[in-house]
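**Q** When you get a sec, could you give me coordinates for this:
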Amino acid sequence: MADTGFVAPFLTGVSSVQGASVTATLRCPVAKSVSAASASNYSYDASVKTIVGTRPFRAYNGLRASSSLDKSSSTAALKKTASGDIARRSVVITNETLAVPLIAEPPKGTKVDELCINSIRFLAIDAVEKAKSGHPGLPMGCAPMSYVLWNKYMKYNPKNPNWINRDRFVLSAGHGCMLQYALLHLTGFDSVSIEDLKQFRQWDSKTPGHPESFITEGVEVTTGPLGQGIANAVGLAMAEAHLAARFNKPDAPKIVDQYTYCILGDGCNMEGVSGEACSLAGHQGLGKLIALYDDNKISIDGHTDISFTEDVSKRFEAYGWHTIHVQNGNGDLDAISKAIEEAKAVTDKPTFIKVSTTIGYGSPNLANTHSVHGAALGDKEVGATRKNLNWEYPPFVIPEESYAKFRESIPKGAAAEAQWQKDFEAYKAKYPTEAAEFEKYFIKMELPEGWEKALPTFTPQDPGDATRNLSGRVLNILADEIPTFLGGSADLAPSNMTLLKKFPDFQKGQHHGRNLRFGVREFGMGAICNGILLHDSGLIPYCATFFVFTDYMRGAMRLAALSEIGVIYVMTHDSLGVGEDGPTHQPIEHLASHRCQINLNVMRPADGNEVTGAYKSAILERKTPTLITLTRQKVPNLEGSSVEGTLKGAYILTDNSTDNKPDIILMGTGSETQWAAGAAEKLRAEGVKVRVVSFPCWELFEKQSDEYKESVFPKAVKKRVAVEAGCSFGWSKWVTDDGATVTIDTYGASAPGDLVMANFGFTLDNVYNTAKKVLSQ
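**A** So this is what the prediction gives:
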């Protein structure tokens, strides 16, 4: 590797060792930033892992290489302690004393290794430069670790990206997506051609500005919002552990045997969602999860010392992870290899590999600065970087030797899949029942025939119940009928009624369990469920909490909707009916805000039949997530309610009019639908022609034909009343200017639920009086 791309001073030779002091030669390859230092001897203070000397020194410190660092601009805070976290690119001058933290000179790899690593770098540089937009710094710094991982350790078949036993790769630091696109192209995936790389960040390209699983084949999960990728990786690893525990047998070849690898950055480690998910991963002992931390100590604002100084490795050790530090991620390929091998040897816990790198490695003037994080290098610096790294090829041209090395993955991947297929046949001969189940439900991702016939239906004579209780009943039936169904709650299973009674918990040592215990980690829970579903093995996850706490997990819900994956959200305590817990726990604006989310079905069932319909819809909608909101309080089973009607989003419950000409339409959702039905009976007794519409899901109704919509809401009927214990936002579309709403546009109160509902107007009498007022206008 060309050491001229290294912008930090490093140790080149040790001449003597006496006690805590080491006499060594210090070199700095950025010559114009050093005065009289290239061949001087300095001592190494082992107590602070720092080379020290007394000669005046002008040096690089995160500024441009030509800048001077004087005493007034230095800071003792940059000097690291004996914790082992070596600051590789900072220089401190205190009382004319030089203190340069130690870094080893990167060993040279083979010529082919260097070509391959620089191929990754320059595809990223050239694509970002052509687009005049993007993040070149991460691919330039992460190229060595990515090359080692993809070339030597990862198991995948570029010609069959959906092979079930492939290793999964997640780029949690999704802004560096040109790293992933370059790897997909170089290793021979058909989804990313050289022309696709030239269209980076352009309209209708396969190489969007952040990785999108629904756009680019070979991209496992959609990343970009930092921290969620590593949480997705936890979900992927949970899926692998679950399937391995259910299907692998000690006397047969393993049919589930794959790793999940993730590259994450400083920003991912700052985001709380990564902590939630990684804490759970450590607890669960996910031994096939390996995270590589791009420790480059640069963020958009500058050096991470301004806001992020914790020992991340010790944090992960506290989570229950095995931790490793590769001190020179810029070029020590052997150290990277040894770290991955060590990680794979640890089977009872996940592994966190801290790989210290230089962002923008190879750029003479921008490396190790925030300038290289999120902007093109510019023509002049691209040229300088080409010269610095001895890259003689024009933009988007890759040497044949590099392609040949990377494309070894094609026959290697095909052979791995062929061996797996052979192993599966041997497994099938010994365990035909398990093999048939695995093939049908987890490879082909089919649903059992007739699964929906087991779902319950209800009549008005059946006793009423809280819809959360009815939901719990349906969840357990689904788990019995659908072997791919699993899920859990954020520490609220007894309140959400989400426990699967016939199945054990998913825990360390019993990963076959189908009850997922997420703890109080709503955001992590949502992102983990995205990963479980994106494992692409037929698993259908649900997750649960109180409806108001969806505020904690909206980022994950949005990415599920964007990624077109059918995660099921079971949200109880859906309104003012929560009662005594008060306004902190009473969702008001939540229905409206979630209805604004694109590609999310928001279901608010009114009774037992609609709960069944909501779950049937959720299971069938595999490209759209479903949010089911459920009551704490009891509701009656309504006359006219149906599963089939629920699947259409809105339908007529009762109607005493003819020719599609009611005098007024009363519509409701959830527990308030009963008040619409009751008010209609009072009005009918007075001779009014009233249609009652149950409206459990706006999104499903919008997908119906114009003829069906007209049959439910005829345009000629303008007098309408909607009742829902949520804010009025959005209802104007359905009630028209001549209608009215019984809704709430303020926060709630702490009192028994029935009293709170009544005091805010959610009663039969108020709906009746509102309808009378509308009719009189």
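**Q** Could I get the buried residue list for stretch 572-580?
**A** 572-579 (16 or more other Cβ atoms under 10 Å). For the C-beta atoms, the positions are set from N, CA and C on the backbone; glycine is no exception.
**Q** Contacts for the host helix or strand of residue 733, please.
**A** Counting by DSSP states H and E, the element that carries residue 733 is helix 732-735. Contacts with helix 732-735, where a contact means Cβ atoms under 8 Å, 6 or more residues apart in numbering, come from 667, 695, 713, 720-722, 741.
**Q** Out of the residues you listed, list just those in strands.
**A** Among these, the members found in strands (DSSP state E) are 667, 720-722, 741.
**Q** if I pick residue 772, what's in contact with it?
**A** By Cβ under 8 Å, 6+ apart, the neighbours of residue 772 are residue 683.
**Q** Out of the buried residues of stretch 572-580, flag the one nearest to residue 145.
**A** residue 572 (43.9 Å; Cβ to Cβ).
**Q** and which of the contacts of helix 732-735 is nearest to residue 429?
**A** The nearest member of the contacts of helix 732-735 to residue 429, counting by Cβ to Cβ, is residue 695 at 54.0 Å.
**Q** wait, doesn't that closest one sit right on residue 668?
**A** Yes: taking Cβ atoms under 8 Å as the definition, residue 695 is a contact partner of residue 668 at 6.7 Å.
**Q** and for the two, which residues touch both?
**A** residue 722.
**Q** Between these two, tell me which one has more neighbours.
**A** More crowded of residue 695 and residue 668, by other Cβ atoms under 10 Å: residue 668, with 29 against 26.
**Q** Need the per-residue pLDDT for that one.
**A** Among the per-residue scores, residue 668 shows a pLDDT of 98.
**Q** Just to check, it is in contact with residue 722?
**A** Yes: counting by Cβ under 8 Å, residue 668 does reach residue 722; the two are 7.0 Å apart.
**Q** Find residues that contact each of the two.
**A** With Cβ under 8 Å, 6+ apart as the test, residue 668 and residue 722 both reach residue 695.
**Q** which residues touch the residue lying closest to residue 752 once chain neighbours are set aside?
**A** Spatial nearest neighbour of residue 752, excluding adjacent residues (Cβ to Cβ, 6 or more residues apart in numbering): residue 579 at 5.2 Å. Neighbouring residues of residue 579 by Cβ under 8 Å, 6+ apart: 632, 750-756.
**Q** Next up, the contacts around residue 222.
**A** For residue 222, the contacting residues are 174, 210-214, 559, 562-563, by Cβ under 8 Å, 6+ apart.
**Q** Wasn't it part of a strand?
**A** No: checked against DSSP: H, G, I helix; E, B strand; the rest coil, residue 222 lies outside a strand; its state is coil.
**Q** on that earlier part again, could I get the buried residues of stretch 572-580 in CSV, plus columns for distance to residue 515 and pLDDT?
**A** Below are the buried residues of stretch 572-580 laid out as CSV (distance: Cβ to Cβ, whole Å; pLDDT from 0 to 100):
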residue, distance to residue 515, pLDDT
572, 17, 98
573, 20, 98
574, 23, 97
575, 27, 96
576, 30, 96
577, 27, 95
578, 25, 96
579, 28, 96
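**Q** Tell me which of those residues fall in helices.
**A** Among the buried residues of stretch 572-580, no member falls in helices (DSSP state H).
**Q** From residue 326, how far out is residue 724?
**A** 56 Å (Cβ to Cβ, to the nearest Å).
**Q** ok, and the helix or strand in this structure with the lowest average confidence?
**A** Sorting the helices and strands of the chain by mean pLDDT, DSSP states H and E puts strand 92-94 at the bottom, at a mean of 33.
**Q** picking that back up, which one of the contacts of residue 222 is nearest to residue 684?
**A** Once Cβ to Cβ is applied, the member of the contacts of residue 222 that ends up nearest residue 684 is residue 562, at 45.8 Å.
**Q** what residue is smack in the middle of this structure?
**A** Central residue of the chain (Cα atoms, centre = their mean): residue 228, 3.6 Å from the mean position.
**Q** how about that one, phi and psi?
**A** Dihedral pair for residue 228: phi -70, psi -30, per degrees, to the nearest 10.
**Q** Give me the nearest residue to it, chain neighbours excluded.
**A** In space, residue 228 is closest to residue 527, 4.7 Å off (Cβ to Cβ, 6+ apart).
**Q** Residue 614 is in contact with residue 646, correct?
**A** Yes: Residue 646 lies in contact with residue 614 (Cβ under 8 Å); the separation is 6.3 Å.
**Q** Tell me if I am right that residue 586 is in a strand.
**A** No: Residue 586 sits outside any strand when classified using three-state DSSP, being coil.
**Q** That one - how many residues pack around it?
**A** Neighbour number of residue 586 under other Cβ under 10 Å is 27.
**Q** what about the nearest residue to it once chain neighbours are set aside, helix or strand, and which?
**A** Closest residue in space to residue 586, ignoring its immediate chain neighbours: residue 748 at 3.8 Å, by Cβ to Cβ, 6+ apart. Assigned by DSSP H and E, residue 748 falls within no helix or strand.
**Q** Just give me the neighbour total for residue 748.
**A** 25.
**Q** let's number from 4 now, not from 1
**A** With 4 as the first residue, the last one maps to residue 751.
**Q** what residues are up against it?
**A** By Cβ under 8 Å, 6+ apart, the contact set of residue 751 is 579, 581, 585-586, 589, 591, 759, 763.
**Q** how much space between it and residue 593?
**A** 12 Å.
**Q** And the strands in the stretch 104-253 of the chain?
**A** Along the stretch 104-253 of the chain, the stretches classed as strands by DSSP state E, counting those that start in this stretch are 171-174.
**Q** can you map out the helices along it?
**A** 114-134, 140-151, 181-190, 197-201, 231-250 (DSSP state H, counting those that start in this stretch).
**Q** What of the stretch 654-780 of the chain?
**A** 676-688, 701-705, 709-715, 735-738, 756-762, 767-779.
**Q** what do you get for the stretch 454-603 of the chain?
**A** Going by DSSP H, counting those that start in this stretch, the stretch 454-603 of the chain shows helices at 470-484, 496-499, 525-537, 557-566, 593-598.
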